[in-house]
Structure formats: structure tokens, C-alpha cells
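> Quick one: sequence and predicted model below, then my questions.
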Amino acid sequence: MADGPKPSSSVKLVLLGEAAVGKSSLVLRFVNDDFQENREPTIGAAFLTQKCNLPNRTIKFEIWDTAGQERFASLAPMYYRNAQSALVVYDLTKASSLAKAKHWVAELQRQASPGIVIALVGNKLDLTNQSTGLESSMGGLSLSAAANDGDEEEEEEGDARQITTAEAKSYADEEGLLFFETSAKTGHNVQEVFTAIANAIPESTLKTRGGPGSGRTGGGAAGDTFGGSGGVNLSAVGETNKDGCAC
Amino acid sequence: MLSLSSLISKASSFIDPNILPPSLLNQVNGSSSDGQTPAVLFRSNFRLPDSENPLAVIPCELSLPTGEHYFGRLHLSESFLCFSSSAPSSASGAGSSSSSTAGPPSCGFTLPLVAIRRVERLHSRSYLFALAVTTWHNDQKLTLQFNSLRSTCEKFCEALKKNLRSQMSEMKNLRMLVGSCYSEWLVTAGKSKDGVKEEPDAGLGMVWKYPGDAKKLRDRSKMRLWAEYLRENGRNITLIRQPTFHKLIRVGLPNRLRGEVWELTSGSLYGRLFNPTLYTDTLTEFSGRHSLSIDEIEKDLNRSLPEYPGFQSEEGIGRLRRVLSAYSWKNPDVGYCQAMNIVVAALLIYMSETQAFFLLSTLCDRLVPGYYSQTMYGTLLDQRVFESLVEKTMPILWEHLVKSDVQLSVVSLPWFLSLFINSMPLVFAFRVLDVFFLEGPKVLFQVGLAILRINGEELLDVTDDGAFISCLKNYFLRLDESAHPRSDNEKLRAVTRFQELMVVAFREFSGITEQTITDQRAKHKDSVLSSIESFAKRTTLRNLGPESKRLATNDLGYIYDRFYKVLYERQERLAAIELEKERLNEKKIMSSARSISEKSISEKGRIGLGPSSQLMDYDYFREFLAGVAKWAIADSPSQLFSPSLGGSLDPQWGGNGRKKSINLNPWGDNAEPADHEFMQRLFRRWDTDYRSGLSLQDVVSGLAGIKGKKDIMESISYFFELYDDDGDGRVDREGILRISEALLFITRRGWETPPNIGDQNRGGEGKGGTDPFLGSVSGFIRRCFEYADPDQQGKQEEVSTGVEGMDELVDLLDLASDDEDDESIKSPVKEKGAVKGKEKERDESTEGKDSLDLDANTRPSAMSANIALDPANPLYITLPTFRMIVLADEVLEYFFETGFADSIVLSTDGSKTPGGRSVSGASAFGNLGGGGIAGAKGLRGVLDNIVNDGMRVAQEVRRRMDEAQKEMERNAVPGKYKEDEEDEGDAGDAKSIMEGDRDLLKGAEASVVDDAAKLAIKTGLPEDDGASGTLLGSPTSSLATTHIEELRTPTTPLPNRVEFDMDK
């Protein structure tokens, strides 16, 4: 506040991934820095917001945390509509969840707004041998694995991990995704994910937020035929400025 | 607004109020829209189980013991007697409350026949026909005075009497049910004839307290009012709904009666009445079993109303687990959907497990159909309906939301899906549920609209999803506050926001009726389903796995469409046939007068509606193939009844059925598919999970296996494996014959032969010029038998007799390739223009063949090859042999190269719809039948006959071979020196050759053959036998090795077993 208001903008972020991989927990950790064992399953989607301060601006994440159960998949387009960023989450200890994550990535790449920033996140790092919290290297990649577990890593016996860092990483590189391994339980790497996304959102998208939001509607979600209108854009910008002050 | 149902009742009141037979009744009411058949309407009006049908209806006046009179209509179904007063205004005595105008009829009852103790005919003064009905709860006597012709009344009574009698057996269930009802305990004050009873289970709330402050909820006074009402108007099974009943519900149910009244008003009580042990039986039957749903349920057990103490206990969790699991078993199509856990948890606070189980069924089947289905189409559909209602009733707000790009359903979807349970504080959510169970799904819409109306002004300031959500969230948190806190009027100040909500919902939106919802749903259904389907298609195609990558994207899309089209069209068709059967059946047995049960036929048949069955059985598969391959269309489409249908026809109506046989064609308007052994084999091969059904995945993988093969070798192997039943790498005599049958079957309507191959190749076969393929196939059979390996075990016996050995020696002379064969071998070599790689192959196989021929000719040990011609002697060919034979023939080669794959036409043929294709298939057939009758009857006819009888093929082959034998002898001479070479090895003992062979095989992991070899050694075969086995098994290899070194090309398989396992 003392530095005067930084430019602030809203970013719509959607979480996708198989049921019980920890989507809601990641959000809860990010938003409230909290962790609960038993949370009611997300019905449809939950909506939360959290600000993310970058050196030169503030990003207000509007987070859509979707239900993971397979049959809710057909509702997903409703939530990733107009999203500028997405967190596709899988469970490091469950091989099938990466496959599901890949499906989501493919779906987003084809159906969501063009230019959407996608981060692939392997959650539940705390269940692997890889101890957490020590290395702060963004992405917690093979680098940290080598540094930390050295020899243990070679034989991953007794480790619940089913998806190697290398495997997921190479997939993420192929598809041009941000990639992280996190633990919502310990908080490891959670903040980093969101910061990285915030950094990856192109400035141009931010400035015109609201405008492109409505503009994209036509192309983005199937079945939506309403166009945006100038008046709304204005008010949206006003809203954005207010946020800036509030921060 | 004139609702359709009232129109119908009006319309039917003009008609002579007879007891209408079901068919007539259908005519009267049949105009109702959108699959809302009269029976469906009837059931939903009275909350009856799906098995009930309106059998008779009669106008009548109901007189209650309490003195009220109502005019209305009395309905009879199989197990119920129902009454509804025709209009609130006609009710005398009872003031109709304004709030109930849009609700159910102001007075009515749904009386299970079993709950009727006694029906007396009253002799009334004015020639009127009247009945006095005594119900289970003795204290009640209802008088029903019929307003109709005497004969009609008599008829009604007859039907009633008959059904009453047939319901006697349900008495036991009734006792059980009544005993479990809290109202019974309440009214009898716990005292029954058998003494004091335990208080019935009224949910977890009895132990862990019911949500909310009982005092504030005025639970005691409500209970007293209810006790009074129940004493006067009957209870549970015999309850009569008077306007007071509705009012009592509107003010909120008392805790301990809540579960039972929900059950009663939703109608789930009747499900429980007739299936008293279904719940426990289901649990027992599936105890210990696992499924995806069970896993999903397990994940959510700790996350269902976790703040309610009952669900922090094992007891509560256990109940929840059992109810959800039992339902997932009972209705596997729905299984388990998140939100069900929350709903069931809420129910369990007020009712027992069994009650919750049946109420959940009623919810999923009737109240919120499709909400929890695999595709959740019901949820999406109702969101669309809700949006359109908002647009209609609050256009300004709607426009604002559209402008601000706020999507309404992001907030409203959870309302509907969890019936407001996790949106509002529990106490209020339960109040909504009270009305919801009484009045049906429209309540969800009314309340939803009211929420938006009340918050309208604030919402107009909202410009994004987030603010929209938080605005409403706030509202829900303050539902218990005063709606008018600053009002001077104390009464007004006492009105809570929730009360305000209820008033707005049911007064301001009273125009939203059940019919509105039905109409709106019908209106939007298609577009919602289409969008679900396009999503599903997209997702499915993307997730078909690596196999699918071998097919083009548009091919996949085509397969997908075709798969589901066949699946659903056929399901519908079969259902229609079923229905037709039933209808015909009924005409015969008029007395039982059961109307057609429309059982949810319209509710299936689209992907968007979720899975009915996602598997194609063999008949579906045939239909599928017939649409993509012309060879799969039957030659004689005249037969209208498939044997399977014919068998399942009820003999009772068989005579009637014939007249309508065209409707009953199980293939509909499509060309009737063929039923060939080859298709059965394909089906089995594609059915990778042995479910006797093919999933889309199976079909895609299967087609990828045929069409996706770029390599002729793969294609040959694929075909071979189809016939290698036990997977041991051999195809026996029968299999060989079947292969040739299949080849002819596939090509019998012609196929795109290579431009040049046809005439050049088959000069020798002369007449075959018109049909090179026929010649090729016959050559194929012949060569198969020539190069087949005898089955070791079979041979063993054979030789041990010795005598037969002699015969064979004689027969040996037969063994030779005929001139045609010779020519076929040579001709390719002559055609130098052929592709080089193939040529090499061919050379190689030619070599191998020559050597084989020589072996066979010159060495007594080889005589067993002759066994090939004797059906009594088992023999087999291996994949390499099969390949060799195929590659030796240009036509066959071409067939496996492209013809086979091309015979199945997917989207590449884009413009042709399946229908169009079937036409083209028919025309192809026409050509055959018309233009080519002579030709077809000639060669083709002969061959068709031949292929139908394996034995005869063998004989035919044998005959030809006999003819050709001498020719062969002459030709054999040039190869003489080779034979000598071979002999050197052979001259030694058989074992050494065996060893040599085994060496060869070692690297090959050709375990099957290896085993066979071992077997040969173990059993100590006579020398010549062993040698012959060896020779037949391996000459190609041992001899070919020299050639292989020179000729090996990437695409050429070595004609020995070394490669065998690679193909596996």
C-alpha cells in the first residue's frame, strides 16, 4: 500500500484432475494455508479467490475448483470457459491419474481459450520418499530428487510414488506445460505453482481483462451465443481498479 | 395457465365417463406430449411404482368420516385405488388455500388395495351407486358415490373386486410396513395389540439430535397437530390428503415424522411396501463385492455432512455406506455420483436405512431423473430449463447476467444437484425438501427463482461470477434473520428471510407448474443431449488409446457414430418389438387388461442419457459390420424373422404376430446382415475381455487391427490368428477350409482386384478368368494341404498300424502339385515387373515349395504329408506356411495387402450414409443376381456349395491332385539334385536332424513347435516318421536358410518358425 497501488488484475484459473488427487486441498493450502483431511467433495465446482503478489503487479486468482468424479467431466466446459489458466492435477502415487490429467490437457488445448496457461501438478509428494520442504527449487524437478535422495531414488522400494518425475516432466515439456510436484499437506511447492502461473500469464491478456473475457465467449464455450458489450467492459475495468485499491 | 393435465381431465370428462379400457384411455389421454404417456402421468400424479397402470377411472364423490365431501375421479390400478378431487373449488367445506392452487389436488388418497379391509355396496336412496370402504386403520370409513352409468359402476366394481383379491397375499408386507411407521407408534401411543412396541427408527436424529432448535422449530406443537390429523385422516398407508395436510407440510414437518411423510409424499413408501426385503437382500447379495462405485463411495463417506455428529460416528458412516452401496448395486447405470452422499446423509438423519434406500430410488428415478446419471444430463437439462425460466420471469436480471458474462449455472447447479442441502443451512434445506417431496421437482425451480428474485437488486450490481456467488452465499447465511428488520410492524419484523423465500417461491412463482417443467425439459432436451454427446465423443475418441492412432480421425468419428447408432437404434427397435409383442399379447388376453408399460423406452437410446448398455452383442456386431462392409450383408434378405427372435416369440400370440411381421423385423430398415462363421470369429477376436460383447474400444481396436495394418505380413498374421483357435500357432484342416470359406465369403460380392493381376495370373484355370479369386482360393486350399504338417500325435497312431503306412506309400504318388500349381509358381517369376521385394519373397517361397515337393515325392518318409488328404488324419499349417502360400499367389497377396482392409469402408467413403451403403450393397447384390446369374450359378454356385462342406472341399482338392499327379512327376526331375542334398542330412538318423532342427528353433522361442518336437522324441517315433515330421516341420527352414541369407528383406518373413513368436 505504501508503494502505491500496483496494477492488479483478475485471472480465472480452473483446477482439473481425477477425483481425490487433492485439487481442493491445493486450493485450500494456497488460499488459507490450511489442510483438512476430510472435506466435503466438491459438487459442481467451488469458487475461491486469492491474490498473488508479483514484484510489479498483483494477480487476483479467481479459482474454480471442479469436481473430479468422472461423470462431472461433462460439466467442466462450463467452468474452464474463459479460463486464462488451468491447473491440471494428478496424484504422484496413482498412475491412472496422470493418464486422466493428459486427457484434461488435451481437452483444454483443444477447447479452452487459446493461449491458456496450463500447469501440470503432481500432488501428494509427501507420500513419496522424497522429503519435502528442503529444496525450494521451482518445480522440484529431477534436480531436487538427485540432491535429496541420491541413492534412495534409484530403487524406489517402499515408495508410494508411481509416476517418476522424469516421465511427467518430459510429457509437460512436450506439451509446453508448467510442471511442479507438490504436497498440499506440507505446503511444498504450492505457492510456487501459483506464482509461476501468475508470471506466465501474458501481460496483454491482463490489461484487457474483461474485454477478452466476453469476447472469447463466442469461441470458447460451446453453445454460448451471447456477445460481450462495451458497457460491461467498462464496469469490469472499474471493478479491477477497485481491487487494486483494496490490495 | 391451463395445464395440459387439466385439459386432459377436462377432455376426458366430456367423454362418457365409462371405465375405459386401456386402449381407449390411451386415445383419450394419448395426446400428451413428450413421452408423458397417460400411464406415466397417472403414476406420477399418485406417486405410484412403475408397475402400476391406470386400469379404470370413474367420476365419484368422496365423503370422509370427518364430514368433508370432494368431487373427483377414482382410479383403479393393479394394486391401488386412488382418488383426486378434480378442482379445489369443488371441494365443499374445506377452504382451499391460495398456496395450494399450483400444488397437488386439494384432496386425494393413494390407497394400496391391500390396505382395504372391506368394501360394501351401499343401497342409497337415489339410485346412486355407492361403496363404503373400510381401510386397514379400522376407524375410517370412506364413502364413494359413483356418478356414472350403472353398468360402468358395475364394471368398475368387478375390476376392483378382482384386484382386491389378487392383493390379499401382500397382507404380510403391510403388517411389517405399518409396524415400521412412526405415525403408527405416535397414534397408538406405542401400544399395539401385541403390547407396547419399540419406537420405530426415525433416523440418526433420534440419537444424535435433529438439526436446529426443536423449541424454535415448535416441534412439539407440530407433532400435536400431526397426531390429530393422523387420527382423523388415517396414517401412513391409509392417509387421506386434505388441504390441511399440505398446510402442515408447508410449515415444516416435525422431526420424527419427517422421514415418514417424505416417504409417503414421494411415494417411495409403496416401493418399500411391495419389496420389503429388497434392501437387505441387495446388501446380502453383494456383500464383500467391489466395484468402481464402491471405491468412490468409500472416498466420500467421511465427507458427507461431516459437521453432523451422527456422521462422525461409525454407526452413521455405516448406514450411509450401506444405503449408497445398495443403491449402486441395484442401479449400476447410475452407480454413485457425488452429491448423492450428501443427499442420503441428509435423509438418514430422519429415516431408517431402508426408507432412505427407497427414497433415493424414487429420487433418482422420478423426482430428479438423470441428475446423478453417468452423463448427469438431468442436471444439465434442468440448468438449461432454469436459465430459460429466469429469462422469462426476470428478463432484466437475465440480460444483466448475460452482459456480465456470469454463468447462472455455476451457482444454481449445486442447488439442484444437492437439493439445496449444501447451499442452505440444514434446517432450511429440510423445509425445502418437505415441499419438494410433496409437490415434485418444480419446487427446486420455484425456490431457485425466488432466491434470485429476492436478491435481484444486489445481483444487478454484480459483474462477475465471484461476486455473484458470494452475494448468494451471504444470503443463505442470513436466512434466519428477519426479512424486514426495520419494519415498524412487529409481525412483519418476525418474518424471517426463509419465510419470505417460501412465500415468494410458492406465491409469486405459482405459475411454475409441473407441466411447465415437463414442457421446458422437452424443449431443451435435444440441445443439451447433443452438447453432452459432442463432449462425450470428443473425449472418448481422444481416449481410445494407442490402437486407435492407426486409424484416421474421421474414421474414428465414423466408427463412433456408427457404433452408437447401431447400438441405440437396435435397442430401440428391440424394445419396440417387445412392446408390440406385449400389445398383441394383450389383445389376446384382454381380461388381464394390463396396458402397455411404457417403461422408459424413451429414456434410453442416446449417449447423452448415459449408458444403457455400452456393449454390442453378436447381433449388434453383425448389424454394425453390415453397415461398413458389403460382405457382411446377407444374401437372402427375405427372411423376416431371425431365428433368435422367432425363438423368443411367445407362442400365445404367434398367429397374430405374423400379420405385423414387417414391424418386427429386428434389423429395421437396414439390410439384414449375414451370419457367417468368419464374422463370429471376428467377434470373438475383438471381444478381448470375453464379455460376449464389444465395447467401442473393442471395435476400434478390432478395426485398427484390420484397417490399421500397413504391412501385408501383419495382415496375414491377423487372418491366421483368427483361425488359430487355441493359439498354438497351428491351423488344422478344418481351419484351412474355414479360411478358404471366409476368403470367398468376403469377396463374394466382388472386391477391387488389382488391375493387372486378374487375367494374367490365372490362365490355367481358364474359366476362372472371370473370377481370379476363386482360382486362387482353390489353389490356396490345395497348397495348404500340400504343405501342411501332420499332427504328430495323430500320426503316431497312424504309423504304428503299419498297414496304413503301406496305403500311404501308394497314395504317395498322388502327392504332387499339379500343373496349375506349377504355373502359379512360375508365373510370378515371369512377371518381372512386379515389385522387387515381393518378388524375392516369391522366389523364396517358390524355392521352399520346390523342395517340399521334392521331399514329398521322393522320400518314403514324407508320405505322411499325404495324410493331408485323408480327413482322418490331423494336420495343420503354421503361420509361416500360411504366409508362404498366400504370398505365392498374386491375387491372395493383393487381397491381404489391401483388399481385406479395403473391404471395410469407413468414413473415407464419407458421403455414403449407412443407409446409402446398404442400398449400394443391395445393388451389388442385384448385379450378382441379375447380370450374373449364369456365372454365379456356375462357378460361384459350385464353390459356394463346396465351401459349405469342408469334406467336399477336401475331396475336390484330392481329385484335382490326382489328376495333376503325373504332371508333377515329370516336373519333379529338375529338382533332383536338391533332393540329394537334403538326403545327406536325412540319411543319418532322425535324431540328428531333430537336433539340427532344434538348434534352429532354439533362438526362436518357438515353444509350441519345440514342444511338438520334444513330444516326437519322447514318444520314440519310428525313424522315418520322426524324419518326416522333421521334414514337414522344417524343410522350409533348413533348406531355406541358405536362401534366406541371400534373400532376406525387411518385409519378408522367413519361412520358418523363427519368426513365429514375433507375430504373437
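Now that the structure is in, tell me what you want to look at. Numbering: from 1, shown residues only, chains lettered A, B, ... in the order given.
> Going by C-alpha atoms from here, please, whenever you check contacts or count neighbours.
Will do.
> Would you tell me which residues of chain B are close to chain A?
Applying C-alpha under 8 Å from any C-alpha of the partner chain, one finds that chain B approaches chain A through B:299-300, B:302-306, B:337-339, B:373-376, B:380, B:402-405, B:407, B:410, B:413-414, B:417-418, B:463, B:466, B:469, B:531-532, B:535-536, B:539, B:542-543.
> Narrow those to those that are buried.
Burial by neighbour count, 16 or more other C-alpha atoms under 10 Å in any protein chain shown: within the residues of chain B next to chain A this picks out B:300, B:302-306, B:337-339, B:373-376, B:380, B:402-405, B:407, B:410, B:413-414, B:417-418, B:463, B:466, B:469, B:531-532, B:535-536, B:539, B:542-543.
> ok, the residue in chain A that chain B sits nearest to - contacts?
Closest contact between chain A and chain B, by C-alpha to the nearest C-alpha, is at residue A:40 (4.3 Å). When the contact criterion is C-alpha atoms under 8 Å, 6 or more residues apart in numbering or on different chains, the partners of residue A:40 are B:300, B:302, B:303, B:304, B:305, B:306.
> and of these, the nearest to chain A?
Taking C-alpha to the nearest C-alpha as the measure, residue B:303 is the one of the contacts of residue A:40 closest to chain A, at 4.3 Å.
> Find the nearest non-adjacent residue to the closest one, please.
residue A:40 (4.3 Å; C-alpha to C-alpha, 6 or more residues apart in numbering or on different chains).
> mind checking the SS state of the one you found?
For residue A:40, the secondary structure call by DSSP: H, G, I helix; E, B strand; the rest coil comes out as coil.
> just residue B:59 next, same as before
State at residue B:59, reduced to three classes by three-state DSSP: strand.
> ok, now which ones touch it?
Applying C-alpha under 8 Å, 6+ apart, the residues contacting residue B:59 are B:17, B:71, B:72, B:73, B:74, B:146, B:147, B:148.
> per-residue confidence at it?
Per-residue confidence for residue B:59 comes out at a pLDDT of 91.
> Next: residue B:275.
Taking residue B:275 on its own, its pLDDT is 91.
> and the gap between it and residue B:112?
14 Å (C-alpha to C-alpha, to the nearest Å).
> same check, this time on residue B:281
Taking C-alpha to C-alpha as the criterion, residue B:281 is separated from residue B:112 by 23 Å.
> returning to what we had before: okay, residue B:275 and residue B:112: which has more neighbours?
When residue B:275 and residue B:112 are compared for neighbours, residue B:112 comes out ahead with 24 against 13, by other C-alpha atoms under 10 Å in any protein chain shown.
> Which residues does the more buried one form beta bridges with?
residue B:80 (DSSP bridges).
> For residue B:287, grab the count of nearby residues.
Residue B:287 - counted by other C-alpha under 10 Å - has 12 other residues nearby.
> and it, what are its phi and psi?
For residue B:287, the backbone dihedrals are phi -60, psi 140 (criterion: degrees, to the nearest 10).
> give the contact list for the nearest residue to residue B:231 once chain neighbours are set aside.
Once flanking residues are discounted, residue B:231 sits nearest to residue B:187: 6.5 Å by C-alpha to C-alpha, 6+ apart. By C-alpha under 8 Å, 6+ apart, the contact set of residue B:187 is B:227, B:230, B:231.
> Relative to residue B:166, how far out is residue B:187?
Look at residue B:187 and residue B:166: by C-alpha to C-alpha, they are 30 Å apart.
> before we move on, what about residue B:522?
Separation of residue B:522 from residue B:166 (C-alpha to C-alpha) stands at 38 Å.
> How about residue B:336?
37 Å.
> the more surrounded of these two?
In this view residue B:336 and residue B:166 are compared by other C-alpha under 10 Å, and residue B:336 has more residues nearby, 26 against 14.
> excluding its backbone neighbours, what's nearest the more buried one?
The shortest distance from residue B:336 to any residue other than its chain neighbours is 5.3 Å, reached at residue B:293 (C-alpha to C-alpha, 6+ apart).
> buried residues in the longest helix belonging to chain B?
Among all segments of chain B classified by DSSP state H, the helix with the greatest residue count is helix B:553-588. Under the neighbour-count criterion of 16+ other C-alpha under 10 Å, helix B:553-588 has B:555-560, B:562-577, B:579-587 buried.
> elements contacting it?
Counting contacts by 3 or more C-alpha pairs under 8 Å, 6 or more residues apart in numbering or on different chains; DSSP states H and E, helix B:553-588 packs against helix B:514-542, helix B:618-628, helix B:654-659, helix B:696-707.
> show me where the chain has strands.
Defaulting to chain A. A:8-17, A:45-53, A:58-66, A:85-91, A:117-123, A:178-181 (DSSP state E).
> my question was about chain B
For chain B, the strands defined by DSSP E occupy B:56-63, B:69-76, B:80-85, B:108-112, B:116-123, B:129-135, B:141-146, B:191-192, B:195-196, B:240-241, B:730-732, B:789-790, B:875-878.
> tilt between the fourth one and strand B:80-85?
Read it as strand B:108-112. 180 degrees (axes from the mean of the first three to the mean of the last three C-alpha atoms, to 10 degrees).
> Would you map the helices across chain A?
Taking DSSP H to define them, one finds helices in chain A at A:23-32, A:76-80, A:95-111, A:142-154, A:165-175, A:190-200, A:203-207, A:211-220, A:230-246.
> returning to that earlier point: you'd agree the residue nearest to residue B:336 is up against residue B:327?
No. Under the criterion of C-alpha atoms under 8 Å, residue B:293 is not in contact with residue B:327, lying 10.0 Å apart.
> Of those two, which one has the most company?
A count of neighbours by other C-alpha under 10 Å puts residue B:327 above the other of residue B:293 and residue B:327, at 23 against 19.
> check contacts around the more buried one.
Residue B:327 sits next to B:335, B:336, B:357, B:360, B:361 when contact means C-alpha under 8 Å, 6+ apart.
> so how many other residues sit close to residue 118?
All of this refers to chain A. Residue A:118 is surrounded by 26 other residues when neighbours are defined as other C-alpha under 10 Å.
> that's the other chain; I wanted chain B
Burial of residue B:118 is recorded as 14 neighbouring residues (other C-alpha under 10 Å).
> Mind pulling up the pLDDT for it?
According to the model's per-residue confidence, residue B:118 sits at a pLDDT of 85.
> Can you report how many residues lie near the closest residue to it other than its chain neighbours?
Leaving aside its sequence neighbours, residue B:118 sits nearest to residue B:134 (C-alpha to C-alpha, 6+ apart; 5.0 Å). When counting by other C-alpha under 10 Å, one arrives at 19 neighbours for residue B:134.
> And for residue A:110?
Residue A:110 has 12 neighbouring residues, counting by other C-alpha under 10 Å.
> Kindly report the same for residue B:169.
Burial of residue B:169 is recorded as 11 neighbouring residues (other C-alpha under 10 Å).
> I'd like to know how far it sits from chain A.
42 Å (C-alpha to the nearest C-alpha, to the nearest Å).
> before we move on, back to that, make TSV from the helices and strands packed on helix B:553-588 and add mean pLDDT and distance to residue B:449 to it.
Formatted as TSV, the helices and strands packed on helix B:553-588 follow (pLDDT from 0 to 100; distance: least, C-alpha to C-alpha, whole Å):
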stretch	mean pLDDT	distance to residue B:449
helix B:514-542	88	13
helix B:618-628	81	46
helix B:654-659	40	52
helix B:696-707	80	42
